[in-house]
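Visitor: Would you be able to build a 3D model of this:
(chains A and B)
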Amino acid sequence: MKRTVKQNNQKVTALEEDCHLTLERTVRFMRVSQMFMPTLREMPAEAEVVSHQLMLRAGLMRKLASGIYSFLPLGYRTFRKIEQIVREEMDRAGAQELLMSAILPAEYYQATGRWEVFGPDMFRLKDRNGRDFCLGPTHEEIFTETVKNEIRSYRALPLILYQIQTKYRDERRPRFGVMRSREFVMKDAYSFDRDEAGLDLSYKKMYDAYCRIFDRCGLDYFIVDADSGAMGGSGSQEFAVKSEIGESVIAYCDACGYAANDEKAECIPDVCCDDECCMGNDMLPVEKVATPDVRTIEELMDFFGSQPCEFAKTLIYKADDRVVAAMVRGDRELNETKLQNYLNCIELEMADAETVKEVTGADVGFAGPIGLKVELIVDLEVTSMKNFVVGANETGYHLKNVNIGRDFKASVVMDIRKIVEGDKCPKCGAPVKIARGIEVGHVFKLGTKYSEALGCVYLDENGKERPMVMGCYGIGINRTMAAIIEQNHDENGIIWPISVAPYHVIIVPVNPTETAQMEAAEKIYSELGKAGVEVMLDDRNERPGVKFKDADLIGIPIRITVGKKIGEGIVEFKLRKTGEMVELSIDEAIARAKAEVEKGLAL
RNA sequence: CGGGGUGUAGCUCAGCUGGAAGAGCGCGUGGUUUGGGACCAUGAGGCCGGAGGUUCAAGCCCUCUCACUCCGACCA
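Guide: Numbers count the residues shown, from 1 in each chain, chains lettered A, B, ... in the order given. Next up, the predicted model:
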């Protein structure tokens, strides 16, 4: 058999494109009277955010322990549909699915040092022989190891592998139901390329697949530049669903489309206020001012009667084993991620009072740059300030008219502040806005961090050994599900997009004791099901109000109500999303339902 | 990991100054109902989170502990 060198931009035939594998096998009929669907009338006390409340109320899931949930039939159907969308789009992008174990031996993590880095966030256990294992919090090491063991030649690259697997992280504070849980399902993909150019192609494929996935899920999302954090690597973007309850803070620009999360967002230095204190003034002589009990910026403002931007604050940090100082304008916040990246440390925290005293010789609140013995990282913006106030490194005193360059020197000047609403966009200069988002997906260019640590190498055309260039790509399935609910609900319950709805249609006979109504309902039920529509029949002997409330709560996109007008052959057709309701003949209702479902799945 | 809050029926919660464990909803049974979470009758359901202590007497007071939850810190 002739061996061919795979290209990252390989061509596939139209037939292959059409027939990309789908594993979907779905029950299409469901009688509500038979269903395990424990809906709750009242709001569960433990739930704070809407998605969490609705997932419990609609009987999608139940809690087993803090941050650990079981999915019930209705919830699991949607869960699997999201998985399936992810699967289809990964397959379409040429990634290959496999499944790694959830329980993993410690040695792989020890090899990259992450056995220690993860710390208590990792669920650890021992086998009967006392060997260390963990429940996998992420799988970079295992994928890398697997590929390392099997791939030798550049001919086998590029390669993208993925799995949809349960992950375990012993979060310090599980929150918001499934949004931050200790057990969750993640799609994680890993790309292996010969070089950076190959990585760029693989990354782009995954990026495009992600856009399709979140579009199909009906989500409104940002794609933002992100910090690659402990993952290491050269570039990273986050897919964040717009939501007030999101834990990612995003700076974005309507003018040019720039978006970055707040850890990453680059800050353009602002000239602090007006010409009064900044522009063209000569440097004034330094003055020492007694400022007893004046420590915070607010107190300083009162004391000096001036603007916060006429101060610079000096923050003392502990970075692993060393102590450093960081300086930002008085009204700014330090971006710890930026500082941490520069310092290349694992732990970064504000120094305790004792350390501050040791380093500055003064109590907390009087730290300043002059005479400090430790490394001093100064924010870019400070360099444009003149004659400003700093701590004197002496309890009870500040210094006035201090100037960088003349009075003290920075070890390094760089952007270390946090972006705020109204700052200049780093791309185009327009004022940026700040929003919150739920991180549902993340793509990273890892580079060779893991392949080098684990010896995942290949032989190139010249027989030379080179580390594979890797990328990794995650999507939180549970979190995506919750995010869809956050963006698609009203006061009555969930409003599923058709693409992920547990069933497409629910048929509600108003009075199940009326044979005419039941017969018509049964007919619609069987015809829709035969046509491939997923359909529920609410055949419970309940009052109509109960059935309507449940139908709304569980968010079935299309409701067909069979009531009194069945004598005239008329039923009611209602869309959950718009509330639009029309009276149609049975056949028209069936046709309309089929059309709506087709439209909803077309994306 | 720090700071708060809450643990009483399946769910949501009340329970006064320490003195016989309650309501609404849900559930079983019989009946009446049937267009937005019905009504009547009747019934089942409790280690008052756990342990210790104070007291003649503890759901209630004290100590410890566990769980859940919120805020913060932390978080590929």
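
Visitor: Contacts only, for the closest residue to RNA strand B within the stretch 51-200 of chain A.
Guide: RNA strand B sits closest to residue A:66 of the stretch 51-200 of chain A, with a gap of 3.1 Å, by Cβ to the nearest atom of the strand. In short, each C-beta sits where N, CA and C put it, glycine included. Applying Cβ atoms under 8 Å, 6 or more residues apart in numbering to residue A:66 gives the contacts A:174, A:182.

Visitor: What values do phi and psi take at it?
Guide: Backbone torsions of residue A:66, given as degrees, to the nearest 10, read phi -60, psi 120.

Visitor: what about residue A:354, which helix or strand?
Guide: helix A:353-360 (DSSP states H and E).

Visitor: what about residue A:438, neighbour count?
Guide: Using other Cβ atoms under 10 Å, residue A:438 has 27 neighbouring residues.

Visitor: Parallel or antiparallel, which strands does the helix or strand harbouring it pair with?
Guide: In this assignment (DSSP H and E), residue A:438 forms part of strand A:433-447. Under the criterion DSSP bridges, strand A:433-447 sits next to strand A:235-242 (antiparallel), strand A:248-252 (antiparallel), strand A:469-476 (antiparallel) in its sheet.

Visitor: Export only the CA atoms of it, formatted as PDB.
Guide: The C-alpha trace of strand A:433-447 is given here as PDB (Å, rounded to 0.1, in the frame of the first residue of the first chain):
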ATOM      1  CA  LYS A 433     -16.600  48.300  27.400                       C
ATOM      2  CA  ILE A 434     -16.500  45.600  30.100                       C
ATOM      3  CA  ALA A 435     -18.900  42.600  30.200                       C
ATOM      4  CA  ARG A 436     -19.100  39.300  31.900                       C
ATOM      5  CA  GLY A 437     -19.100  35.900  30.300                       C
ATOM      6  CA  ILE A 438     -19.300  32.200  31.000                       C
ATOM      7  CA  GLU A 439     -16.200  30.500  29.700                       C
ATOM      8  CA  VAL A 440     -17.600  27.500  27.700                       C
ATOM      9  CA  GLY A 441     -14.600  26.800  25.500                       C
ATOM     10  CA  HIS A 442     -11.000  27.500  25.400                       C
ATOM     11  CA  VAL A 443      -8.300  27.000  22.700                       C
ATOM     12  CA  PHE A 444      -4.600  27.000  23.400                       C
ATOM     13  CA  LYS A 445      -1.500  26.900  21.400                       C
ATOM     14  CA  LEU A 446       0.600  24.900  23.700                       C
ATOM     15  CA  GLY A 447       3.800  24.800  21.600                       C
END
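
Visitor: circling back to that earlier point, now do the residue of the stretch 51-200 of chain A closest to RNA strand B against residue A:590, distance only.
Guide: Going from residue A:66 to residue A:590 by Cβ to Cβ, to the nearest Å gives 46 Å.

Visitor: Please apply the same query to residue A:283.
Guide: Note on residue A:283: its distance to residue A:590, by Cβ to Cβ, is 83 Å.

Visitor: Have a look at those two and say which one is more surrounded.
Guide: Comparing residue A:283 with residue A:590 by other Cβ under 10 Å, the one with more neighbours is residue A:590, at 21 against 13.

Visitor: How about that one: what's its closest non-neighbour residue?
Guide: residue A:527 (5.4 Å; Cβ to Cβ, 6 or more residues apart in numbering).

Visitor: and that neighbour, how many neighbours does it have?
Guide: By other Cβ under 10 Å, 18 other residues sit near residue A:527.

Visitor: and if you look at residue A:441?
Guide: The number of residues packed near residue A:441 is 27, by other Cβ under 10 Å.

Visitor: Any buried residues in the helix or strand hosting the residue nearest to residue A:590, and which?
Guide: For residue A:527, the host element (DSSP H and E) is helix A:515-530. Neighbour counts over helix A:515-530 (16 or more other Cβ atoms under 10 Å) mark A:517-518, A:520-521, A:524-525, A:527-529 as buried.

Visitor: Any chance of a markdown table for those residues, columns distance to residue A:59?
Guide: What follows is the buried residues of helix A:515-530, written out as a markdown table (distance: Cβ to Cβ, whole Å):
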| residue | distance to residue A:59 |
| --- | --- |
| A:517 | 25 |
| A:518 | 24 |
| A:520 | 27 |
| A:521 | 22 |
| A:524 | 24 |
| A:525 | 21 |
| A:527 | 27 |
| A:528 | 23 |
| A:529 | 22 |
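
Visitor: What's the first helix or strand after the strand holding residue A:438?
Guide: Using DSSP H and E, the next helix or strand after strand A:433-447 towards the C-terminus is helix A:449-454.

Visitor: Quick one: list the elements packing against the helix or strand following that next one.
Guide: Under the assignment DSSP H and E, the closest C-terminal helix or strand after helix A:449-454 is strand A:457-459. Applying 3 or more Cβ pairs under 8 Å, 6 or more residues apart in numbering; DSSP states H and E, one finds that strand A:457-459 makes contact with strand A:465-467.

Visitor: avg pLDDT for the strand it packs on?
Guide: Regarding strand A:465-467, the rounded mean pLDDT is 96.

Visitor: And stretch A:50-64, by the same measure?
Guide: Regarding stretch A:50-64, the rounded mean pLDDT is 95.

Visitor: Double-check residue A:426 against residue A:265; I have them as touching.
Guide: Yes. The criterion here is Cβ atoms under 8 Å, and residue A:426 meets it with residue A:265 at 7.4 Å.

Visitor: Looking at these two, which has the bigger crowd around it?
Guide: residue A:265 (29 against 19).

Visitor: so what are the domain limits for chain A?
Guide: Following automatic domain parsing, chain A resolves into domains at A:14-22+A:48-227+A:445-486, A:287-414, A:503-601.

Visitor: between the ones you listed, which has the poorest average model confidence?
Guide: domain A:287-414 (a mean of 85).

Visitor: Residues of the stretch 301-450 of chain A that sit close to RNA strand B?
Guide: Where the stretch 301-450 of chain A comes near RNA strand B, counting by Cβ under 7 Å from any atom of the strand, the residues are A:336, A:349, A:442, A:444.

Visitor: The closest residue to RNA strand B within chain A: neighbouring residues, count only.
Guide: Of all residues in chain A, residue A:563 sits closest to RNA strand B, at 1.7 Å by Cβ to the nearest atom of the strand. Using other Cβ under 10 Å, residue A:563 has 18 other residues around it.

Visitor: burial count for the closest residue to it other than its chain neighbours?
Guide: Sequence neighbours aside, residue A:510 is the residue nearest to residue A:563 in space, at 4.1 Å (criterion: Cβ to Cβ, 6+ apart). Neighbours of residue A:510 under the rule other Cβ under 10 Å: 19.
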